[in-house]
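Student: when you get a sec, could you give me coordinates for this:
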Amino acid sequence: MDQAIGIDILRRRRHFRLATGLLLCAGILAAAWGINRVVRPSVAAGDVAIAEVRRGNVDNTINAAGVVIPVHEEVVSSPGASRIAKVHAKPGQQVKQGELLLELDDREIRLALEALKEQLAQQDNKVLTLKLEMDQKHKQIASAIELLEIDLQASRALRERNRKLRESGLVSGQDLLTSELNVQRNEVQLRQQRELIEDTRRATASNIAAAKLQQAILQKQIARQQGLLEQTRVTAPFTGMLTSLVEEEGASVAAGQLVARVSELNNYRVEATLSDFHARQLAAGQPVRVEQNGEVLQGRVHTILPEIQNGTIKLLVDLEQPHNPHLRNKMRVDANIVTDRRASVLVIDSGAAFNGKGSQPAFKVADGAARKTLLDLGASDGKVIEVIKGAQPGDRFIVSDTSAFKELDSIRISN
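Tutor: As a prediction, this is how the structure comes out:
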């Protein structure tokens, strides 16, 4: 005969089934969590760079490759085709103004100088000869004039005598006419001699002027050759550093070829090179941050060179500390040209995760995971970048390279 099951037994069975169900659910959840940890991608927190969104200031900058150059630099060129006769200095040494650096072969210049001096002496002699000839001709003409004046006086006296005798009928009209013609002839001859003196003086003066002009030309050529002769002794134009020098004695140099370069000591500026794509954003006076080995020097754009070469443009930057002891000639630096400044905006540290301005995906870190979200980025100075939209102060984002996760919506951050 069947007996009724007790209430206690039923209660225990109900509790057993409930416990079994709970254990089964916990097992399923644990299995799902384990599978999720195995399947869901993860990255160690130490393998990524995470930065926090905060308020700050940001400069919109254009990065340029810079090189330190002296503010004042002079080059010395060969005055003509020659060769190096003797070298007195070495590149890299400090030199004083006027110090002899090297000597060029000056034999051809000296020969040309001697030839010009001989030509000048010939012109001097020519001028002297012309003056002597003019004086001699002047004396000859003056003597002829004196004789003609005596002849003129005699012919005039004869004419007066014939006029009186003609009135008395003692001479013929023909004799009177002859005496009058003699007077006219003597007057013409005297006038011609006097004009000859002036003509001779003008002709001689013209010849002397031409000779003196040639003298002046020769003197200028001599001065030029003397200047070239002085340039064969290459000296330092000012006190500074000898940065370049043709050191090989006997080496041939062409006319105009650089043989030495002297740069001013401890007074530098920066020559920056960047793409001509940014040309319209550049202007004289813009602030510039010059960085080298973590040190930042402030400067301003001084000159934008007009010529564009191979798609690049160059500009000169004046430094606030041009005498900084850490600067060296030809040192490479980074020049960040500030085109715009913004204050009290949301910023985040720059990193490989961001690619310029505009809307782009980023991984926001929260609760042990990084989830893809969309950020609208703005100005950047290379260190921080402006966050226009998509984040709030205190939000944390991965700023290191996330290209390996670009196809995922989220990743797990493991400690």
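
Student: what is the burial count for residue 280?
Tutor: By other CB atoms under 10 Å, 7 other residues sit near residue 280. All C-beta atoms are positioned from the backbone trio N, CA, C, and that covers glycine.

Student: regarding it, what are the backbone dihedral angles?
Tutor: Per-residue torsions, residue 280: phi -70, psi -20 (degrees, to the nearest 10).

Student: can you check the pLDDT for it?
Tutor: pLDDT for residue 280: 90.

Student: check the gap between it and residue 216 for me.
Tutor: According to CB to CB, to the nearest Å, residue 280 and residue 216 sit 54 Å apart.

Student: again with residue 186
Tutor: According to CB to CB, residue 186 and residue 216 sit 45 Å apart.

Student: of the two, who's got more company?
Tutor: In terms of neighbours (other CB under 10 Å), residue 186 is the more surrounded of residue 186 and residue 216; the figures are 19 against 12.

Student: how close does the more buried one get to residue 326?
Tutor: Counting by CB to CB, the gap from residue 186 to residue 326 is 100 Å.

Student: residue 393 too?
Tutor: For residue 393, the distance to residue 326 - CB to CB - is 37 Å.

Student: same thing with residue 389?
Tutor: Relative to residue 326, residue 389 is positioned 41 Å away (CB to CB).

Student: kindly report the same for residue 299.
Tutor: Taking CB to CB as the measure, residue 299 falls 14 Å from residue 326.

Student: neighbour count for these two, which is higher?
Tutor: Higher neighbour count among residue 299 and residue 326: residue 299, with 23 against 11, using other CB under 10 Å.

Student: which strands or helices does the helix or strand harbouring that one pack on?
Tutor: Residue 299 belongs to strand 295-309 when assigned by DSSP states H and E. Using 3 or more CB pairs under 8 Å, 6 or more residues apart in numbering; DSSP states H and E as the contact criterion, the elements in contact with strand 295-309 are strand 268-275, strand 287-292, strand 312-319.

Student: the closest residue to residue 410 other than its chain neighbours: neighbour count?
Tutor: Excluding the flanking residues, the one nearest residue 410 by CB to CB, 6 or more residues apart in numbering is residue 371, at 4.4 Å. Residue crowding around residue 371 was assessed by other CB under 10 Å; the count is 14.

Student: excluding chain neighbours, what is closest to residue 366?
Tutor: With CB to CB, 6+ apart, the residue lying closest to residue 366 is residue 396, at 7.2 Å.

Student: list the contacts for the one you found?
Tutor: Applying CB atoms under 8 Å, 6 or more residues apart in numbering, we find residue 396 in contact with 50, 51, 52, 53, 364, 365, 366.

Student: burial of residue 258, as a residue count?
Tutor: 13.

Student: just to check, it is in contact with residue 73?
Tutor: No: using CB atoms under 8 Å, residue 258 is not in contact with residue 73; the gap is 11.6 Å.

Student: give the buried residues for stretch 175-193.
Tutor: Going by neighbour count (16 or more other CB atoms under 10 Å), the buried part of stretch 175-193 is 176, 179, 180, 182, 183, 186, 189, 190, 193.

Student: now do the SS call for the fourth one.
Tutor: Reduced to three states with DSSP: H, G, I helix; E, B strand; the rest coil, the structure at residue 182 is helix.

Student: give me the pLDDT value at residue 397.
Tutor: 93.

Student: which strands or helices does the strand or helix carrying residue 218 pack on?
Tutor: Residue 218 belongs to helix 173-231 when assigned by DSSP H and E. Packing contacts for helix 173-231, counted by 3+ CB pairs under 8 Å, 6+ apart, involve helix 107-168.
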